[in-house]
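Visitor: 3D model of this:
(chains A and B)
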Amino acid sequence: MKNVLILIFKRSGASLITVFIISLIIFIGVELLPGDVAETVLGQSATPETVEAFRKELKLDLPPHIRYGAWLNDFVHGDFGNSLANGRPVSELIGWRFANTLFLALSTAMIAIPLAIFLGMLAAFYRNTLFDKLISTTTLSFISFPEFFIAYILIGILSVKFNIFPSLAIIDTNMGFGSKLYAIFLPSLTLTCVVTAHMMRQTRAAIINVLASAYIEMAEIKGINRLRIIVHHAFPNSLSPVINVIAINLAYLIVGVVIVEVVFVYPGLGQLLVDSVAKRDLPVVQASGLIFSIVYIFLNLSADILSMLSNPKLRQSQI
Amino acid sequence: MNNLIEIKNLYIEGFYEEEWHPIVSDISLELKRGEVLGLIGESGAGKSTIGLASMGYARQGCRITSGSINLEGIELFDATEEDLRLVRGSKIAYVAQSAAASFNPSHHVIKQYAEAPVHHGLMKYKEAEEEAIEIYRRLFLPTPEKIGYRYPHELSGGQLQRAMVAMAMSCKPDIIVFDEPTTALDVTTQIEVLAAVKEITEKMNKAALYITHDLAVVAQVAHRIMVLRNGRLVEEGETRTLIKKPKEKYTRELLNVRALRETKAITDKMDVILEIEDVAATYTGHENVLEDINLVVRKGRTVALVGESGSGKSTLARVITGLLPAIHGSITFLGKKLPGSLKKRKKEDLRRMQMIYQMPDTALNPKQTVREVIGRPLQFYFGIRGQKAKDRIKDLLRKIELDPDIYIDRLTTELSGGEKQRICIARALAAEPDLIICDEVTSALDQLVAEGILDLLQDLQNKTDMAYLFITHDLATVKAIADKIVIMLEGKIIEQGEKKKVLAPPYHEYTDKLLASVPEMDPDWLDNLLDERASTFI
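Guide: Numbers count the residues shown, from 1 in each chain, chains lettered A, B, ... in the order given. Predicted structure coming up:
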């Protein structure tokens, strides 16, 4: 156990360093953007004096490394600065939108992950049959189409033609849980189509890979039926690759939903990021970027730790 | 008494090279309660295929084409998958060669024991657990109440193999198929498993098929023996009769392998090729895997390095070749002190010390032809190319007794295991070394093929006066080839000396244990040994 704790500790440390490096990259990236923020915000009619004053107010006159230190320090303490566009605290802008993004991601994950694993097991069980090929073809098609295409098709059918679900996923805090779920049905379905395919194919491949092992032959010789072999013998040993692909897809659900949020006008963090880039609202862009990165790194870290723990050899190894 | 299983005129085919080929032809066998039938033959003889077929099981790429497999009145040849499933594990069970691979790494050992009886609806999980502990006790597993609640990787090879024998017993089947259950084990652990097999077949009155390539092992447990070759029956008979009076030439060859050869005397005056003084080595930095190693190899002689797995034999080879620099001590090769690390050694020193490996499959590049494999050291060490190289390669092929015209342009993948090992020898010879380190060179090969390799090595030594450092865990090989024996245990040399001294009384305690564990071609050997142990235990 001690050994695996050290491993986890090392891995977490590496993640922390990665976050730090990414914060640097984000800061430098934003710094390199052409044009002066103050000029852009104040417009062309501003006098040099006002621009200078505004720069001072934004502390843009200080050298970059000091501004970076101050920004990072504030960020760690939960102060993301103020928006340039409307002067409100960035944390206020981001907070509820990030919650919305999480809500959409988690509701999708709740359906997509079990569905993907179940379909993956079925495909492995019926491998090389018509059923397997049908599932593979369908999921492959979903991966191949761009997600906005799937989104518009779904809107076209379920919203325009049959008018079952709303085409705009607008939610607010006053809505009940049920109506929120109803509102996000289409974006959630779109995302499910996209991520299920990935996870299902990985599950199928991992299980089929394990099915060639000697202990699977042993289970067959013991007279165990095939369904139990898949669920009980093959699946636990294929967890590691499955956990990894789940983590990547979860991260995608949170970080990569920008397009889907825009298509459905969903008030999430992705939507905000796109708007802020257009408005050159740099504090918001920086903060959102860093939050996305942290989520991504955290999910990958969790995947690594979980796959370590899913292996009894690693779980119990001692020094 | 009625037969528990009757197999008649069994034919099995395998699919390879785009075609179905016969791999088992016209095999018939029967088995009564309390009887053990030994199936013996070299790899490719179809032993495992027959063993699996007795459960109506064919591996992927194999099919049972005709014949009858009658298991207690049930015909398995044309049974449905579901009917077969009901029989497997409950009426007939299987013990595989590699327990480490055959246990699911994700579940406790006892859970895997209980799976079959619970799944077949024979008992509740709790009952199965209790029975498992009882059987673990009968098979002399340490702490039988606790050992089942461990994961497979936490048990040793011998323990796992016995746990698998126990698992095969879980549904109280009438027949158990043992497929090379001791091949992967050290000699001392092999005894434990053989004792477990005896315990089951004799005291619990089960029938068994015992599959192995080792005649001495099967002689200990089987009542009758069938000798197989290329999927066909060579001969069949009572164990004692077959061993005393084999009818077929092939059986006699199997019996006669590893005839002893003359030992060459070693004197202090002979040239020292390699001298190791006070060497220690470590992988982790704080725990030494080798300590106090002192060893001398003399010209034209063979030193055998013997020990069980984990004793540090191969590590010592890594230290000598410089792959793992020693932390202290010195290695003197041909009168010169060698740097510890491979990178600092001179090309000439590298040339004069060559190595041959255990797995010829992985030691040869599958994309290269024989000419490229042997030509490379010629070019690297001597700069020989073109026609000169070709002549030299042909010469070397003749030395290893392979026809140059047939073999020179073959891909290494087109060779058999024994031929591959011969090519590895030729590659080592090409460098004209003074010392060849042979790391378990025969353990991946069939008995008769291994015998051929040993003869060849011996022959080459007589002609060229090379020295060999021969690493092995197989005492029969040691007896056959060594002039001097070095016995290792837990990273230390516990005894060394000329063969006739080490292998003659008074024995060192551990040497004695090793020697006593090597099965002899005497059907009473195991019984006597177990009796002896039981009496000393009391």
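Visitor: alpha carbons only for contacts and neighbour counts from here, please
Guide: Will do.
Visitor: next SSE after the least confident helix or strand in chain A by mean pLDDT?
Guide: Sorted by mean pLDDT, DSSP states H and E, the helices and strands of chain A end with helix A:37-42, the least confident at a mean of 69. Later in the chain than helix A:37-42, the nearest helix or strand by DSSP states H and E is helix A:48-57.
Visitor: Off-centre distance for that next one?
Guide: Mean-position distance between helix A:48-57 and its chain equals 39 Å (Cα atoms, centre = their mean, to the nearest Å).
Visitor: which other residues reach the following helix or strand past it?
Guide: Per DSSP H and E, the first helix or strand lying C-terminal to helix A:48-57 is helix A:64-76. Under the contact criterion Cα atoms under 8 Å, 6 or more residues apart in numbering or on different chains, helix A:64-76 has outside partners A:23, A:24, A:27, A:59, A:60, A:80, A:81, A:287.
Visitor: Swap in 7 Å and give it another go.
Guide: Applying Cα atoms under 7 Å, 6 or more residues apart in numbering or on different chains, the contact partners of helix A:64-76 are A:27, A:80.
Visitor: what comes up buried for the following helix or strand past it?
Guide: Proceeding N to C from helix A:64-76, the next assigned helix or strand is helix A:90-125, under DSSP H and E. Within helix A:90-125, the residues that qualify as buried are A:90-91, A:94, A:96-98, A:100-109, A:112-113, A:115-125, counting by 16 or more other Cα atoms under 10 Å in any protein chain shown.
Visitor: ok now helix A:90-125, how far from the chain's centre?
Guide: The mean C-alpha position of helix A:90-125 is separated from the chain mean by 8 Å, Cα atoms, centre = their mean.
Visitor: so what does it touch, helix or strand wise?
Guide: Judged by 3 or more Cα pairs under 7 Å, 6 or more residues apart in numbering or on different chains; DSSP states H and E, the packing partners of helix A:90-125 are helix A:185-211, helix A:239-255, helix A:269-279.
Visitor: now that helix and helix A:185-211, what's the angle there?
Guide: On the basis of axes from the mean of the first three to the mean of the last three Cα atoms, to 10 degrees, helix A:90-125 is oriented at 50 degrees to helix A:185-211.
Visitor: On the C-terminal side of helix A:90-125, identify the next helix or strand.
Guide: helix A:130-144.
Visitor: Let's see that following helix as CSV, backbone CA atoms only.
Guide: Only the C-alpha atoms of helix A:130-144 are listed here, as CSV (Å, rounded to 0.1, in the frame of the first residue of the first chain):
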residue,chain,number,x,y,z
LEU,A,130,-24.3,-9.0,-37.3
PHE,A,131,-25.2,-7.3,-34.0
ASP,A,132,-21.5,-6.4,-33.3
LYS,A,133,-21.1,-5.0,-36.8
LEU,A,134,-24.3,-3.0,-36.5
ILE,A,135,-23.1,-1.4,-33.3
SER,A,136,-19.7,-0.7,-34.7
THR,A,137,-21.0,0.9,-37.8
THR,A,138,-23.4,3.0,-36.0
THR,A,139,-21.0,4.3,-33.5
LEU,A,140,-18.3,4.8,-36.1
SER,A,141,-20.7,7.0,-38.1
PHE,A,142,-21.4,9.1,-35.0
ILE,A,143,-17.7,9.6,-34.4
SER,A,144,-17.2,10.6,-38.0
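Visitor: got the buried residues for the helix or strand of chain B with the lowest mean pLDDT?
Guide: When the helices and strands of chain B are compared on mean pLDDT, DSSP H and E, helix B:525-537 comes out lowest with a mean of 77. Neighbour counts over helix B:525-537 (16+ other Cα under 10 Å) mark B:525, B:526 as buried.
Visitor: ok now it, how far from the chain's centre?
Guide: That offset, for helix B:525-537, works out to 25 Å (Cα atoms, centre = their mean).
Visitor: And stretch A:284-300, by the same measure?
Guide: On Cα atoms, centre = their mean, the centre of stretch A:284-300 falls 9 Å from that of its chain.
Visitor: Is the nearest residue to residue A:221 once chain neighbours are set aside bridged to anything, and to what?
Guide: Take residue A:221 and drop its neighbours on the chain: the residue closest to it by Cα to Cα, 6 or more residues apart in numbering or on different chains is residue B:88, 5.7 Å away. Under DSSP bridges, the beta-bridge partners of residue B:88 are residue B:92.
Visitor: for the one helix or strand residue B:305 maps to, packing partners?
Guide: Element membership of residue B:305, judged by DSSP H and E, is strand B:302-306. Judged by 3+ Cα pairs under 7 Å, 6+ apart, strand B:302-306 is in contact with strand B:467-472, strand B:484-489.
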